[in-house]
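[1] got a structure for you, letters missing:
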């Protein structure tokens, strides 16, 4: 990996300057994928602690859908824009090459290959805070790196920092075929757990390929009936009531709720998470939730697991930049496994 560079006294740029204009996916109002357009706009400029990235690829995750639609409404009040997106170019997961660094950037220099979390990664160029980037491992492609950061660090924190997972524990991952779930299965295995993944029957093969010891088709089996108990349950975007999840936990087990898609247009899954937190002090089980911390320390931990082969990003479908709306539609329909990737500099047929 690249070594830490010296502090810059001014914005450092590539020998061949990036063009002032770029192609980007833009939306001017909250709504469906139909609000997204491929247009030409001014290239962004990095701030003092930011990096300008020539984007190679960008990941597609559920968070992009929430910020595109402005749903649940709590998203808008969280600072992302009340009536329209504050950042008109969507996309967060990113991989690419550094072509400019701000005056206070210390960890990167022009030419470094990086991945992490940016602002507006569905474009030919994007800016990212230095604190949300890591050097891309040499043995990992840009496409794989592009689908890693957001989902991967969420799974990593859910299992380690929040779930306090220990080797030998029985771990249940609900939503095992999705972006966060595909990482959770692999990381739990790497940490020495016995992992059961929950997914639809059509996606069972993928979950097995990720290393799950057992796979449950939720359309056929009631896996929360109390017949099997788990030390740790990672519930990703689920709709299961807390009382049912508790039935599948051991007496002193831990439940970590990662997101949620129930609760309507105002709060989403926040209500279920709050109920879990309020109940936790009064029961022997630990019922918790969290908001992922977007910091390079977590991204670098994940990069190490990927570099040594303990974790392999699960890319579902590939799309070119112009096909970004279709990629998000397929995400909304739930027909993709793993994470889709937007290939910005290359050819992709949406396979």
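    Happy to help now that I have it. On a predicted model such as this, the values are computed, not experimentally measured, just so you know.
[2] use CA for all of it now, contacts and neighbours both
    Noted.
[3] which ones are touching the nearest residue to residue 84 once chain neighbours are set aside?
    If the residues on either side of it in the chain are set aside, residue 84 comes closest to residue 29, at 4.7 Å by C-alpha to C-alpha, 6 or more residues apart in numbering. Shown in contact with residue 29 (C-alpha atoms under 8 Å, 6 or more residues apart in numbering): 35, 83, 84, 85.
[4] Same check on residue 324?
    Contacts of residue 324 (C-alpha under 8 Å, 6+ apart): 25, 122, 342.
[5] Could you confirm it falls within a helix?
    Yes - counting by DSSP: H, G, I helix; E, B strand; the rest coil, residue 324 is found in a helix.
[6] returning to that earlier point: how far away is the residue nearest to residue 84 from residue 68?
    8 Å (C-alpha to C-alpha, to the nearest Å).
[7] repeat for residue 44
    Note on residue 44: its distance to residue 68, by C-alpha to C-alpha, is 20 Å.
[8] quick one, which of those two is more surrounded?
    Between residue 44 and residue 68, counted using other C-alpha atoms under 10 Å, the more crowded position is residue 68 (26 against 16).
[9] Can you report phi and psi for that one?
    Phi and psi for residue 68, reported as degrees, to the nearest 10, are phi -70, psi -40.
[10] What of residue 235?
    phi -100, psi 110.
[11] Let me see the ranges of the strands in the stretch 1-150 of the chain.
    With DSSP state E, counting those that start in this stretch as the criterion, the stretch 1-150 of the chain has strands at 12-13, 21-26, 37-42, 50-59, 93-101, 113-117, 125-129, 133-135.
[12] Run through who's touching the shortest one.
    When contacts are defined by C-alpha under 8 Å, 6+ apart, strand 12-13 is touched by residues 99, 100, 101, 102, 103, 109, 110.
[13] Out of those, give me the one that has the most neighbours.
    residue 101 (32 neighbours).
[14] which element follows the worst-scoring helix or strand of the chain on mean pLDDT toward the C-terminus?
    The least trusted helix or strand in the chain, going by mean pLDDT, DSSP states H and E, turns out to be helix 264-267, with a mean of 59. Remark: after helix 264-267, the chain's next helix or strand is helix 270-279, criterion DSSP states H and E.
[15] next structured bit after that next one?
    Counting by DSSP H and E, what follows helix 270-279 is strand 286-289.
[16] roughly how far is that next one from the heart of the chain?
    21 Å (C-alpha atoms, centre = their mean, to the nearest Å).
[17] sorry, back to before: quick one: common contacting residues for residue 29 and residue 68?
    residue 85.
[18] still on that earlier bit, quick one: which of the contacts of residue 29 is nearest residue 167?
    residue 85 (42.7 Å; C-alpha to C-alpha).
[19] The closest one against residue 31, yeah?
    No - using C-alpha atoms under 8 Å, residue 85 makes no contact with residue 31, being 10.0 Å away.
[20] quick one, which of these two is more surrounded?
    Using other C-alpha under 10 Å, the more surrounded residue of residue 85 and residue 31 is residue 85, with 22 against 18.
[21] Can you check the pLDDT for the more buried one?
    pLDDT, residue 85: 89.
[22] ditto for residue 64
    For residue 64, the predicted pLDDT is 92.
[23] For residue 224, which non-adjacent residue is spatially closest?
    residue 248 (5.2 Å).
[24] The one you found: what's it in contact with?
    223, 224, 225, 226, 227, 228, 229, 230.
[25] Identify the farthest-apart pair in those.
    225 and 230 (12.1 Å).
[26] More neighbours: those two, which one.
    Legend: neighbour count by other C-alpha under 10 Å for residue 225 and residue 230, higher for residue 230 (23 against 13).
[27] What backbone torsions are found at the more buried one?
    Here residue 230 shows phi and psi, under degrees, to the nearest 10, equal to phi -120, psi 150.
[28] and it, what are its bridge partners?
    Assessed by DSSP bridges, residue 230 has beta-bridge partners residue 249.
[29] any idea how the chain splits into domains?
    12-148+313-343, 151-289 (automatic domain parsing).
[30] Using a markdown table, lay out the ones you listed together with distance to residue 302.
    Shown next, in a markdown table, are these (distance: least, C-alpha to C-alpha, whole Å):
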| stretch | distance to residue 302 |
| --- | --- |
| domain 12-148+313-343 | 8 |
| domain 151-289 | 7 |
